[in-house]
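**Q** how does the following fold in three dimensions:
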Amino acid sequence: MWVTSSLETALTPAVVALGNFDGIHQGHCQVIQSLLSVRQDQSYVTVVAFDPHPQAFFSGKHQPLLTPLSEKTTLLERLGVDQLVLLTFDQALASLSPQAFVADILVQKLAAQYISVGFNFCFGYQRAGTAEDLVAIATPYQVPVSITAPQTNGSEPISSSAIRAALLAGNLDKAQQMLGRPYDLTGTVVYGQQLGRTLGFPTANLQIPTDKFCPRTGVYSVSVTSDQWSQPQRGVMNWGCRPTVDGQQPSLEVHLLDWSGDLYGHTLTVHLQQFLRSEQKFASLDDLKTQIQADCEMARSSLAAVV
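**A** The predicted structure is shown next:
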């Protein structure tokens, strides 16, 4: 998949899905899927997203992402997307009128033949343009616009904010239903304090991207994939500050239930399956060891049908 931040190097003509697409959840997938049925032989299925996230630009605050760029590109490629155009979201882009955004970017630069958006898509200066406005503005250019209706999980609309709330509540079932897959954390194995090894439960310490949205602190049953194995491995993940040993900074540690070996420097992807318990402080390392053993037994049971 071609990834570019320059409209000058974008592949054209394009059929375009517009949005932030953080999470690539079930609603996003519907917006993108509509492009696959209308693409022509010489057109490129294109996702146009914004970097940084507009909320981060306007608030000036760090905006953790459900899918940082490396994850986003992998997921989009699996959906059949040909290119990702990351528009730099700065004051110049934020100041464009809805009409100028369509004329200058979609029509002139991308030679858009078809546009797909979600029902709540807004664009242009002060988010003045709605999805319905996009239809009206694009019509004189003879560019059809598809508006995807709200996708729901039961009675609740699927959204990135709802997924974040579910992850912070430890409700992995809800997050997984909205995403259409388990929530993942990918990182490089780095050296830690090696305390788990002394307790009989060696762990891989993962360094994850600083812009990755992290779930509720606590203990999880997980499946773990890597280029080290042909099949996923079962494991227990602890995400938090490890209060029993007076940890100061959050760390992500994974104990593999049925595998041991040297993983330093390797990349692991942890797929969250079930929230087991909240983080807690134990009176002694022996009490912690007893609880870890119980966590492993719970994880093994919960993962029986998954891995």
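**Q** only C-alpha atoms for contact and neighbour calcs from this point on.
**A** Noted.
**Q** pull up the pairing partners for the host helix or strand of Leu252, direction included.
**A** Per DSSP states H and E, Leu252 falls inside strand 251-256. In the sheet, strand 251-256 lines up against strand 204-207 (antiparallel), strand 233-240 (antiparallel) (DSSP bridges).
**Q** can I get those in a markdown table including mean neighbour count, distance to Val15 and mean pLDDT?
**A** Shown next, in a markdown table, are these (neighbours: other CA atoms under 10 Å; distance: least, CA to CA, whole Å; pLDDT from 0 to 100):
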| stretch | mean neighbour count | distance to Val15 | mean pLDDT |
| --- | --- | --- | --- |
| strand 204-207 | 23 | 37 | 94 |
| strand 233-240 | 24 | 39 | 95 |
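**Q** tabulate these (CSV), appending distance to Cys122.
**A** Listed next are those as CSV, based on distance: least, CA to CA, whole Å:
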stretch, distance to Cys122
strand 204-207, 35
strand 233-240, 36
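**Q** looking at these, which is nearest to Tyr183?
**A** Ranking these by proximity to Tyr183 (CA to CA) places strand 233-240 first, at 13.1 Å.
**Q** next SSE after the longest strand anywhere in the chain?
**A** If you go by DSSP state E, the chain has its longest strand at strand 267-277. Sequence order places helix 285-302 as the next helix or strand after strand 267-277, per DSSP H and E.
**Q** next, the buried residues of that next one.
**A** 288-289, 292, 295-296, 298-300, 302 (16 or more other CA atoms under 10 Å).
**Q** adding pLDDT and distance to Phe123, write those residues out as TSV.
**A** Shown next, in TSV, are the buried residues of helix 285-302 (pLDDT from 0 to 100; distance: CA to CA, whole Å):
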residue	pLDDT	distance to Phe123
Leu288	88	51
Lys289	89	53
Ile292	92	49
Asp295	94	47
Cys296	94	48
Met298	94	47
Ala299	95	45
Arg300	94	47
Ser302	91	44
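**Q** all helices for the chain, in order.
**A** For the chain, helices defined by DSSP state H occupy the ranges 26-36, 54-59, 69-78, 91-94, 98-100, 131-138, 160-168, 172-179, 195-199, 285-302.
**Q** the strands paired with strand 251-256: which one's closest to Leu179?
**A** Closest among the strands paired with strand 251-256, using CA to CA: strand 233-240, at 20.4 Å.
**Q** what angle sits between the closest one and strand 267-277?
**A** 70 degrees (axes from the mean of the first three to the mean of the last three CA atoms, to 10 degrees).
**Q** from the chain's centroid, how far away is strand 233-240?
**A** Here the centre of strand 233-240 is set off from its chain's centre by 19 Å, with CA atoms, centre = their mean, to the nearest Å.
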